[in-house]
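Q: Structure, please.
(one chain, ligands or ions: 1)
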Amino acid sequence: MSSVVLIGAQWGDEGKGKITDFLAEKADAVVRYQGGNNAGHTVVVGDEEFKLHLIPSGILYPDTICVIGNGVVVDPQVLLEELEYLKARNIDVSGLRISTNAHVIMPYHRLLDELEEERRGENKIGTTKRGIGPAYMDKAARSGIRIGDLLDPDELKQRLAAVLDQKNLLLERVYEARPLDIEDVLDKYLAYGEKIKEFIADTSHLINQIYDRGERVLFEGAQGTLLDLDHGTYPFVTSSNPIAGGACVGVGFGPTKIDKVLGVVKAYTTRVGEGPFPTELNDEVGDEIRRAGHEFGTTTGRPRRCGWFDMVMFNYAVQVSGISHVALTKLDVLDGVEKIKICTGYKYKGDKLESFPNSLKQLSLCEPVYEEHPGWMSSTSEVRSYEQLPDEAKRYIERIQELSKVKTAIIAVGPKREQTIVTESLF
Ligand code: IMP
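A: Sure, this is the predicted structure:
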């Protein structure tokens, strides 16, 4: 009987897809608990590359149950496209289950996300424009449409009529955009319901049963700690809770049943979208990391901002999620970097801060304090055991471990399944 919550410990894009895929081999169920198709996971199997946005990457294993929990916001069109994409590549999708309580991303959510970003102008958040924020707004406002509603024409019509009146007012009067036609939306979404009904289930019950039977459950966080609505760099955050606690709410799974929390971190830091980033590198080292690490968004294609490993930030992630183990990814990206820095603290108005500041303004004024480590200047992508790693790479990993007091369980040295070094088994 065991469960692992896998979370991003930085600003998302930590390589969670690859680690999830690696652990999914041993898991009986893989569960997503928050976010939507703003996420993007790239998984490489043999010579094939799979890009997934919504469906848990465990789907690539035929016997794994893959769950989209109640905390996820689902765009049915994207879900159907992803199902077709997987089927066309001979992936068995019969193990997918979607919570009846998950909220649906509606066409007005996508429109409003885009229009509101335009309206914000220079103060934009840099959202993925997938309708994520507006869908969560409606959930909190109790005017959302849930997956289960798509199976009930009367209920859907009634709910939609009330919501669409208000959305059309907003679209027309505030944003000067065209209103949406209720019949069009209704027909489209009822058709989506028909197509996905075989996957809809009570997923809290399902996952608790699987766990109670003594099987292994992997919870797959999307985005990352610093994008958490409550604990991230607000307002430059997403609208859900990627931290480990989000798994309890987003699935209906009690905290006493969570056995391990795996924090996934890159050997350096990246960020997409706006907001402060203390260890950002606006120089050729940053460009080199972007190039070597292919740091362009899976979902939006945007170039990612790159910087050094930030220990203050990582220790904050350890604090808010109770991280018990680390998966260090993309170590190989640093193979050609001569001198590697770790940020061990921030300087704010002359004083050294040991903990992550709550205020965004304060964070934007923080200067990183670095320690420098010699690079290993040799390829690690063929290394398959910890002992074979160059001494400098081992020292870098050990230093991160020492400063965080968290054990390293996995080290990734490339995108392929086999480019993974295990130092501690989680399942
Ligand atoms: P939203 O989630 O589309 O509302 O975007 C809010 C913020 O979260 C923006 O800064 C996005 O770039 C960021 N974001 C959302 N999803 C991801 C992700 O999967 N990786 C990295 N950043 C993300």
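Q: So which elements touch the longest helix seen in the chain?
A: Using DSSP state H, we find that the single longest helix of the chain is helix 153-169. Packing contacts for helix 153-169, counted by 3 or more C-beta pairs under 8 Å, 6 or more residues apart in numbering; DSSP states H and E, involve helix 107-120, helix 182-196. Quick note: C-beta positions are derived from backbone N, CA and C, even for glycine.
Q: Would you format these as a markdown table with mean pLDDT included?
A: Shown next, in a markdown table, are these (pLDDT from 0 to 100):
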| stretch | mean pLDDT |
| --- | --- |
| helix 107-120 | 96 |
| helix 182-196 | 98 |
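Q: where do the helices sit along the stretch 251-400 of the chain?
A: Secondary structure of the stretch 251-400 of the chain (DSSP state H, counting those that start in this stretch): helices at 284-292, 311-321, 360-365, 391-404.
Q: which residues touch the residue of the stretch 151-300 of the chain found nearest the ligand?
A: At 2.3 Å from the ligand, residue 273 is the closest residue in the stretch 151-300 of the chain, using C-beta to the nearest ligand atom. Counting by C-beta atoms under 8 Å, 6 or more residues apart in numbering, residue 273 makes contact with 125, 126, 127, 236, 302.
Q: change it to 7 Å
A: Residues counted as contacts of residue 273 (C-beta atoms under 7 Å, 6 or more residues apart in numbering) are 125, 126, 236.
Q: Spit out the contact partners of residue 260.
A: Neighbour list for residue 260: 4, 324, 325, 426 [criterion: C-beta under 7 Å, 6+ apart].
Q: deepest of the helices of the stretch 251-400 of the chain, which one?
A: helix 311-321 (a mean of 22; mean count of other C-beta atoms under 10 Å).
Q: tell me the angle of that one relative to helix 391-404?
A: With axes from the mean of the first three to the mean of the last three C-alpha atoms, to 10 degrees defining the directions, helix 311-321 sits at 50 degrees from helix 391-404.
Q: quick one: helix 311-321 to chain centroid distance?
A: 16 Å (C-alpha atoms, centre = their mean, to the nearest Å).
Q: That one - contacts with which helices or strands?
A: Helix 311-321 sits against strand 260-266, strand 339-348, helix 391-404, with contacts defined as 3 or more C-beta pairs under 7 Å, 6 or more residues apart in numbering; DSSP states H and E.
Q: Quick one: closest of the ones you listed to the ligand.
A: Nearest to the ligand, of all those, is strand 260-266, at 11.7 Å by C-beta to the nearest ligand atom.
Q: Could you spell out the sheet neighbours of the closest one, each with its direction?
A: Partners of strand 260-266 in the sheet, by DSSP bridges, are strand 2-8 (parallel), strand 325-329 (parallel).
Q: Identify the residue nearest residue 253 in space, chain neighbours excluded?
A: residue 207 (5.9 Å; C-beta to C-beta, 6 or more residues apart in numbering).
Q: do residue 347 as well
A: Leaving aside its chain neighbours, residue 347 sits nearest to residue 367 (4.5 Å; criterion: C-beta to C-beta, 6+ apart).
Q: wait, doesn't the one you found sit right on residue 345?
A: No - between residue 367 and residue 345 there is no contact under C-beta atoms under 7 Å: 9.7 Å.
Q: Can you check the pLDDT for the closest residue to the ligand within the stretch 301-427 of the chain?
A: Closest contact between the stretch 301-427 of the chain and the ligand, by C-beta to the nearest ligand atom, is at residue 302 (7.6 Å). Note on residue 302: pLDDT of 86.
Q: quick one, what contacts it?
A: By C-beta under 7 Å, 6+ apart, residue 302 lies in contact with 272, 296.
Q: and if we set it to 10 Å?
A: Residues near residue 302 by C-beta atoms under 10 Å, 6 or more residues apart in numbering: 126, 128, 272, 273, 295, 296.
Q: Could you look up the SS state of the residue positioned nearest the centre of the chain?
A: Nearest to the mean C-alpha position of the chain, by C-alpha atoms, centre = their mean, lies residue 222 at 1.9 Å. Assigned state for residue 222: coil (three-state reduction, DSSP: H, G, I helix; E, B strand; the rest coil).
Q: Which parts of this structure belong to which domain?
A: As given by automatic domain parsing, the domain ranges for the chain are 2-91+202-422, 103-198.
Q: Now do the worst-scoring helix or strand of the chain on mean pLDDT: distance to the chain's middle.
A: Scoring the helices and strands of the chain by mean pLDDT, DSSP states H and E places strand 41-45 at the bottom, with a mean of 82. Chain-centre distance of strand 41-45: 14 Å, with C-alpha atoms, centre = their mean.
Q: which strands and helices sit next to it?
A: helix 16-24, strand 48-52 (3 or more C-beta pairs under 10 Å, 6 or more residues apart in numbering; DSSP states H and E).
Q: residues contacting residue 329?
A: Residue 329 neighbours (C-beta under 10 Å, 6+ apart): 13-19, 264-268, 293, 410-415, 420.
Q: among these, which ones are buried?
A: 13-19, 264-268, 293, 410-415, 420 (16 or more other C-beta atoms under 10 Å).
Q: who in the stretch 1-150 of the chain is up against the ligand?
A: The interface of the stretch 1-150 of the chain toward the ligand, taken as C-beta under 6 Å from any ligand atom, is made up of 12, 13, 38, 39, 40, 125, 126, 127, 128, 130, 132, 133.
Q: okay, those in CSV with pLDDT, secondary structure and distance to residue 89 next?
A: What follows is these, written out as CSV (pLDDT from 0 to 100; DSSP: H, G, I helix; E, B strand; the rest coil; distance: C-beta to C-beta, whole Å):
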residue, pLDDT, secondary structure, distance to residue 89
12, 93, coil, 25
13, 92, coil, 23
38, 93, coil, 23
39, 90, coil, 20
40, 84, coil, 17
125, 90, coil, 34
126, 90, coil, 31
127, 93, coil, 29
128, 92, coil, 24
130, 97, coil, 23
132, 98, helix, 26
133, 98, helix, 31
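Q: What's the PyMOL syntax to select whichever of these are buried?
A: The buried subset of those, as determined by 16+ other C-beta under 10 Å, is captured in PyMOL by this line:
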select buried, resi 12+13+38+39+40+125+127+128+130+132+133
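Q: what's the farthest-apart pair in the residues of the stretch 1-150 of the chain next to the ligand?
A: Taking C-beta to C-beta, the two most distant members of these are 13 and 133; they sit 18.8 Å apart.
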